[in-house]
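1. the sequence isn't on hand, but the structure is:
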């Protein structure tokens, strides 16, 4: 008895039809909607065949022989599945139909994510974010792909496994209630929750992308300003006194003089030396440190390690503004002294 027909087409949309007169007379047609992502219906045929091997073995153990035949009809390539051996009672009919529906849902869910998702992402980007350049579109696609695979903190439940489960459940429900499925129509009208979640990830990625762009532009301005500055000192050694205070020393271990730093605010300093305490300034500790370093534009910056510098974003910012000039020191006399002082507190 004819059981299942899968038709692959690189022109026509994907369709799945189930005839009520047969156990599962299903036609699946695939099209190459985006050659740039390497969609090849022959690959999909091979995937389906390989994915059904376990079902074939399972049915064989139960006395049913599932036969697969590949046929060419016009522009379509069919995979026809027939049960040629075994007693097909109503109970067996329902059992095998359920088995096929589950496996077909699994195959199509993975197909949508691996072959169709990128097209959905590109369409959303082109439709919603027209102002981005082609290069920025490419960068966004890469960022979105990474966020979908690795997860965003805000959307960590939308990884591959959960996306597949969401689509698979919709497919299974639809196949159990309908005798025909057009994949493109199914994606357009039955996967609203999935597409809404996908759009949320895209929006968050775009927002982070724009923030990063603004940050990079800001860093480039600061780098330019540093490059045109005449260095006020050859070296600047940064020591964090606490999580919100620091001091800057010269190469001889002396506090750097403030004669060039009046614009930042003399109330930030003790006498003529740089020694920042947040209670004395409207600037944050990090902002004050960046301002001081940009003003004195040292040829070399050494950040001395202690527990107060851990997880400080300002260190990455300093490295970005002063590329090739910034070092992290962990074992000099000053670092050891800092660590000893911390332990004694």
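-> Thanks, I have it. As the structure is a computational prediction, the values presented were derived from the model and not from experiment. Numbering: from 1, shown residues only.
2. isn't residue 139 up against residue 209?
-> Yes - using C-beta atoms under 8 Å, residue 139 makes contact with residue 209 at a distance of 7.2 Å. Every C-beta, even on glycine, is put in place using the N, C-alpha and C of the backbone.
3. measure how buried the closest residue to residue 166 other than its chain neighbours is and give me the count.
-> With C-beta to C-beta, 6 or more residues apart in numbering as the criterion, residue 166 has its nearest non-adjacent residue at 5.3 Å, and that residue is residue 194. Around residue 194 there are 21 other residues, counting by other C-beta atoms under 10 Å.
4. what sits against residue 194?
-> Taking C-beta atoms under 8 Å, 6 or more residues apart in numbering, we find residue 194 in contact with 163, 166, 167, 170.
5. in this structure the second one contacts residue 196, no?
-> No - at 10.9 Å, residue 166 and residue 196 do not qualify as touching, with contact defined as C-beta under 8 Å.
6. who's more crowded, those two?
-> Using other C-beta under 10 Å as the criterion, residue 166 and residue 196 rank with residue 166 on top: 17 against 9.
7. which secondary structure element contains residue 121?
-> Per DSSP states H and E: residue 121 is located in helix 117-128.
8. thinking again about what came up before, and the residue nearest to residue 166, what's its pLDDT?
-> Note on residue 194: pLDDT of 95.
9. could you look up the SS state of residue 248?
-> With DSSP: H, G, I helix; E, B strand; the rest coil as the basis, residue 248 sits in strand.
10. is it in a bridge, and if so with what?
-> Counting by DSSP bridges, residue 248 is bridged to residue 238.
11. that one: what's it in contact with?
-> For residue 248, the contact set (C-beta under 8 Å, 6+ apart) comprises 236, 237, 238, 239, 255, 256, 274, 292, 293, 296.
12. what's the neighbour count on residue 132?
-> 17.
13. which ones are touching it?
-> Residues counted as contacts of residue 132 (C-beta under 8 Å, 6+ apart) are 125, 140.
14. ok so, going back, scan the contacts of residue 194 and report the most crowded one.
-> In those, the most neighbours by other C-beta under 10 Å go to residue 167, 26 neighbours.
15. host element of that residue?
-> helix 160-177.
16. which secondary structure elements does that helix contact?
-> On a contact count with 3 or more C-beta pairs under 8 Å, 6 or more residues apart in numbering; DSSP states H and E, helix 160-177 meets helix 90-111, helix 134-150, strand 180-182, helix 183-190, helix 192-228.
17. which of the ones you listed has the lowest mean pLDDT?
-> strand 180-182 (a mean of 65).
18. follow-up on the earlier one: tilt between the helix holding residue 167 and helix 134-150?
-> 80 degrees (axes from the mean of the first three to the mean of the last three C-alpha atoms, to 10 degrees).
19. in helix 160-177, what's buried?
-> Residues of helix 160-177 classed as buried under the neighbour-count rule (16 or more other C-beta atoms under 10 Å) are 163, 164, 166, 167, 168, 170, 171, 172, 174, 175.
20. residue 335: which of those is nearest?
-> Closest approach to residue 335 among these (C-beta to C-beta): residue 163, at 47.3 Å.
21. residue closest to the middle of this structure?
-> residue 147 (1.5 Å; C-alpha atoms, centre = their mean).
22. hang on, isn't that one packed against residue 200?
-> No - at 10.8 Å, residue 147 does not count as touching residue 200 under the criterion of C-beta under 8 Å.
23. closest to residue 45 among the contacts of residue 194?
-> The closest of the contacts of residue 194, once distances to residue 45 are taken by C-beta to C-beta, is residue 167, at 20.7 Å.
24. my guess is that closest one meets residue 112, correct?
-> Yes - counting by C-beta under 8 Å, residue 167 does reach residue 112; the two are 5.5 Å apart.
25. avg pLDDT for the helix holding residue 167?
-> Across helix 160-177, the average pLDDT comes to 91.
26. need the residues that contact it.
-> With contacts defined as C-beta under 8 Å, 6+ apart, helix 160-177 is touched by 16, 18, 101-102, 104-106, 108-110, 112-113, 148-149, 181, 186, 190-191, 193-194, 197.
27. thank you kindly, that will do.
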